[in-house]
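Q: this one's sequence-less:
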């Protein structure tokens, strides 16, 4: 558990990085990641040494990461150095025969070599050490030395607190998905041990990490729950040991989780995130999953490969159709990323596989041929199960776009679709995102569980409520429109105040759609 005092120290160190000239939030996270990783390497080495002493196992010596002449590069050794000496050791130096000095690869260079031995080596080949001030390095090392990194849960909490500071949107529509939205989506698809799980645009691996947490929670006995109280805030945090999981199931969780991204920086962060959540060799792939190279590099993962997909893919702008995965072009004629990712996910899923994905609400009612084709694909050839409207403020301060969660199963037959109009998520819908009492998220999960039981469909007949069901015939009649306001009934009083907001929101989305269509048309004419 990360306490309030530790959060304060991390926040203070974050400020120091900014003052030290590292202003990009993602760069700060990277540098902190390296620090945590270096300490974990030393902890792992110490554990291996103890096993060798106790068991006398010669094979374990092959797992040692530091040679006898590299012991000075270990965390517990270099942390005792002064600022400038420590900084020099991190950087390393070339050989100088005149001074009789041999080359030193340094702490950071050694980390590169260690990563090459692991599955994450390719993501760290371009990693750079950016700390240039001795006092900042000493402060970072001292603070990381105080962290409790003995528990996967606590390591994860620490890293998630750091990731929560990633408050700037990336390029191509990337932004971090709030944890409570991820947890809702994970609960709606209910991944199980043995499921093969993927995020085709994984970013910081938030969906994969929370999937692991969900499986652990679902397979922990009452005895396996560990409760700890923060003495400063009085808040009780619960850790789940997953004591009901078999050894084989634990192995499958580690082996069956896959993440894809084409941003090397994000891949380093996601690999570290999974490492800190107990996945020693994360299956993170440097791959644009919409590109032709996906089929070339990972043919076994492109089609009929996964049981569960969870994602919030980038949905800004259009792509060059010449580099698109051929199977996508055969299915739908578009270069819009939000539509292409939906088709891709259907291809990647096995028959009966489940998906929960965030889409811009233009996907629900966009009037282009491609929009209609994709909606027909979801409804007619697969089982569209749920449409959950998310208010635009949920993703602030990253973005103000209104979105929806689509839940569907590959194959099967759409009969009735579960709709829920989330109006509040427990946080204010402005840039401050402060806690408020209003929160629909718990009810979404509760109502979804009721819907999945299908014991009382009459409970979902009230079109004036936030939650209701719509039969397939009505969706077809409405031209496959999936916007909740197409089917929701509003009272006279509510319409007096709510309808202008709904209309303005829809006009803004239509304006964005038109602008994107024009951009795509211009691109095709060039």
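A: Arrived safely, thanks for sending. Here the structure is a predicted model, which means the values were calculated and not measured. Numbers count the residues shown, from 1 in each chain.
Q: isn't residue 422 up against residue 388?
A: Yes. Between residue 422 and residue 388 there is a contact under CB atoms under 8 Å: 6.3 Å. For the C-beta atoms, the positions are set from N, CA and C on the backbone; glycine is no exception.
Q: between those two, what contacts are shared?
A: Shared contacts of residue 422 and residue 388, defined by CB atoms under 8 Å, 6 or more residues apart in numbering, are found at residue 444.
Q: higher neighbour count, these two?
A: residue 388 (26 against 22; other CB atoms under 10 Å).
Q: and residue 358, which of the three is it?
A: strand (DSSP: H, G, I helix; E, B strand; the rest coil).
Q: roughly how far apart are residue 241 and residue 44?
A: 20 Å (CB to CB, to the nearest Å).
Q: same thing with residue 20?
A: Applying CB to CB, the value for residue 20 to residue 44 is 29 Å.
Q: residue 130: what's it in contact with?
A: 22, 27, 30-31.
Q: just put those in TSV and tack on pLDDT.
A: Below are those laid out as TSV (pLDDT from 0 to 100):
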residue	pLDDT
22	87
27	85
30	84
31	89
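Q: among the residues you listed, name the buried ones.
A: Restricting these to buried positions leaves 22, 30-31, with burial counted as 16 or more other CB atoms under 10 Å.
Q: the residue nearest the centre of the chain: what's it in contact with?
A: The C-alpha lying nearest the average C-alpha coordinate of the chain belongs to residue 206 (CA atoms, centre = their mean; 2.6 Å). By CB under 8 Å, 6+ apart, the contact list for residue 206 reads 163, 176-177, 179, 182, 273.
Q: can you pick the most crowded of these?
A: Most surrounded of these: other CB under 10 Å gives residue 273, at 28 neighbours.
Q: quick check, that residue in a strand?
A: No. Secondary structure of residue 273 (three-state DSSP): helix, not part of a strand.
Q: dihedrals phi and psi, the closest residue to residue 293 other than its chain neighbours?
A: Distances taken as CB to CB, 6 or more residues apart in numbering put residue 287 closest to residue 293, at 7.0 Å, once the chain neighbours are dropped. Residue 287 adopts backbone torsions of phi -160, psi 130, taken as degrees, to the nearest 10.
Q: so where is the stretch 301-450 of the chain shaky, pLDDT-wise?
A: 316-320, 397-399 (pLDDT under 70).
Q: show me where it has its helices.
A: Here the stretch 301-450 of the chain has its helices, by DSSP state H, counting those that start in this stretch, at 326-331, 337-348, 362-365, 369-380, 441-453.
Q: can you check the stretch 51-200 of the chain too?
A: 75-78, 83-91, 106-117, 134-146, 152-163, 179-189.
Q: JSON lines for the ones you listed, including distance to residue 201 and mean pLDDT?
A: Below are these laid out as JSON lines (distance: least, CB to CB, whole Å; pLDDT from 0 to 100):
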{"stretch": "helix 75-78", "distance to residue 201": "34", "mean pLDDT": "95"}
{"stretch": "helix 83-91", "distance to residue 201": "33", "mean pLDDT": "94"}
{"stretch": "helix 106-117", "distance to residue 201": "23", "mean pLDDT": "85"}
{"stretch": "helix 134-146", "distance to residue 201": "30", "mean pLDDT": "91"}
{"stretch": "helix 152-163", "distance to residue 201": "16", "mean pLDDT": "65"}
{"stretch": "helix 179-189", "distance to residue 201": "14", "mean pLDDT": "95"}
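Q: comparing residue 20 and residue 44, which residue is more hemmed in?
A: Counted by other CB under 10 Å, residue 20 and residue 44 do not tie: residue 20 has more neighbours, with 19 against 15.
Q: so what's the closest residue to residue 424 other than its chain neighbours up against?
A: Closest residue to residue 424 in three dimensions, ignoring its sequence neighbours and counting by CB to CB, 6+ apart: residue 438, at 3.5 Å. By CB under 8 Å, 6+ apart, residue 438 lies in contact with 423-424, 426.
Q: buried subset of those residues?
A: Of the contacts of residue 438, these count as buried by 16+ other CB under 10 Å: 424, 426.
Q: roughly how far does residue 191 sit from residue 200?
A: Taking CB to CB, one finds residue 191 at 16 Å from residue 200.
Q: what distance separates stretch 215-231 from the centre of its chain?
A: Remark: stretch 215-231 is offset 23 Å from the chain centroid, using CA atoms, centre = their mean, to the nearest Å.
Q: quick one: contacts of it?
A: 1, 3-4, 191-193, 235-245, 249, 253.
Q: tell me how many other residues crowd residue 116.
A: 12.
Q: distance check, it against residue 235.
A: 41 Å.
Q: equivalent analysis for residue 385, please.
A: Using CB to CB, we find residue 385 at a distance of 35 Å from residue 235.
Q: what's the answer for residue 268, then?
A: For residue 268, the distance to residue 235 equals 31 Å [CB to CB].
Q: comparing these two, which shows the higher neighbour count?
A: Neighbours of residue 268 and residue 235, each counted by other CB under 10 Å, are more numerous for residue 268; the result is 23 against 12.
Q: tell me who's in contact with the residue nearest to that one when sequence neighbours are not counted.
A: Using CB to CB, 6+ apart and skipping the chain neighbours, the partner closest in space to residue 268 is residue 123 (4.9 Å). Residue 123 makes contact with 115, 264, 267-268, 271, 284, 286, according to CB under 8 Å, 6+ apart.
Q: and residue 522, what's its pLDDT?
A: For residue 522, the pLDDT comes out at 57.
Q: tell me which two of the contacts of residue 130 sit farthest apart.
A: Within these, 22 and 30 form the most distant pair, 9.1 Å apart (CB to CB).
Q: follow-up on the earlier one: CSV please, covering the helices of the stretch 301-450 of the chain and showing distance to residue 462.
A: Shown next, in CSV, are the helices of the stretch 301-450 of the chain (distance: least, CB to CB, whole Å):
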stretch, distance to residue 462
helix 326-331, 37
helix 337-348, 30
helix 362-365, 21
helix 369-380, 23
helix 441-453, 12
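Q: would you mind giving those helices as TSV with distance to residue 101 and mean neighbour count added?
A: Listed next are these as TSV, based on distance: least, CB to CB, whole Å; neighbours: other CB atoms under 10 Å:
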stretch	distance to residue 101	mean neighbour count
helix 326-331	56	16
helix 337-348	52	24
helix 362-365	61	24
helix 369-380	63	18
helix 441-453	60	16
